[in-house]
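Participant: Got a predicted model here, sequence first, then my questions.
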Amino acid sequence: MGTRGREIVGMDVEELLQLLNAAFASEWFAYYQYWLGAKVIKGPMKDAVAAELNLHATEELNHAVLLANRIVQLGGTPVTNPRDWYDLSPCAYDAPEDPYVAVLLAQNIAGEQCAITTYKNLMDATKDKDMVTYNIALTILEQEVEHEEDLQSLQEDLELMVGRGLGKTR
Ligand code: FE
Ligand code: FE
Ligand code: MG
């Protein structure tokens, strides 16, 4: 633990650690939901969508790294048991039980929207109080906003393709 680094935090550090661990748990859910989705996916454009899901999985794992590093820096412990992820995470784990590409896209878009809310809240909580965490939350938020747009753009392409009918003339 860095003592001076912890002293300059202008908010309750235990409360901050809870927020960081909640986000950390959500990142593992996001990582696994993407990772598994990319394995089981079926339907039109599945290779393009799987490539994006795999990329997002690695990016979610990196968010977990950023959060774990900050938790340790503040003298906390990243949640040690995956069993606790369900209680801590503000975002649900949405199991990819239906592998159809449109279903996976909708599930992961909902996950990104929850992540955007989570990091907006973390930024609001740390603004003018903990610049270091604020900056980490901004870095992650920028990527979650990008993720949402990537998936909605794929969803739009899929709707155009399926909605107009493959091989049909207009
Ligand atoms: Fe993330
Ligand atoms: Fe994301
Ligand atoms: Mg992307």
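Facilitator: In hand now; what should we look at? Ligands and ions are numbered 1, 2, ... in the order given.

Participant: Quick check: the residue of the chain nearest ligand 2.
Facilitator: As assessed by CB to the ion, ligand 2 sits closest to H147 within the chain, at 3.6 Å. For the C-beta atoms, the positions are set from N, CA and C on the backbone; glycine is no exception.

Participant: tell me which residues of the helix or strand that residue falls within are tucked away?
Facilitator: For H147, the enclosing helix or strand under DSSP states H and E is helix 131-164. The neighbour-count criterion (16 or more other CB atoms under 10 Å) identifies 133-134, 136-137, 140-141, 143-144, 147-148, 150-151, 154-155, 158 as the buried residues of helix 131-164.

Participant: swap in stretch 82-101?
Facilitator: Those would be W85, S89, C91, Y93, D94, P96, V101, for stretch 82-101 by 16+ other CB under 10 Å.

Participant: Now for the second one: which residues touch it?
Facilitator: S89 makes contacts with A22, A25, S26, F29, as judged by CB atoms under 8 Å, 6 or more residues apart in numbering.

Participant: Go through those residues and flag which are in helices.
Facilitator: Here DSSP state H is the test, and the contacts of S89 give A22, A25, S26, F29 as lying in helices.

Participant: buried subset of the residues you listed?
Facilitator: Buried among these (16+ other CB under 10 Å): A22, A25, S26, F29.

Participant: Can you convert the residues you listed into a markdown table and add a column each for pLDDT and distance to ligand 2?
Facilitator: Formatted as a markdown table, those follow (pLDDT from 0 to 100; distance: CB to the ion, whole Å):
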| residue | pLDDT | distance to ligand 2 |
| --- | --- | --- |
| A22 | 98 | 15 |
| A25 | 98 | 14 |
| S26 | 98 | 10 |
| F29 | 98 | 11 |
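
Participant: which one of those residues is nearest ligand 1?
Facilitator: Closest to ligand 1 out of those is S26 (7.3 Å), distances taken as CB to the ion.

Participant: these two touch, right, the closest one and D87?
Facilitator: No. If you go by CB atoms under 8 Å, S26 and D87 don't touch, sitting 11.9 Å apart.

Participant: Low-confidence regions, the chain specifically.
Facilitator: Scanning the chain for pLDDT under 70 picks out the ranges 1, 165-170.

Participant: So which residues of it form helices?
Facilitator: Under DSSP H, the chain gives helices at 3-7, 13-40, 46-73, 85-88, 101-126, 131-164.

Participant: Report whether the last one contacts ligand 1.
Facilitator: Just to be clear, that refers to helix 131-164. No. Helix 131-164 lies apart from ligand 1 when judged by CB under 5 Å from the ion; the minimum separation is 5.5 Å.
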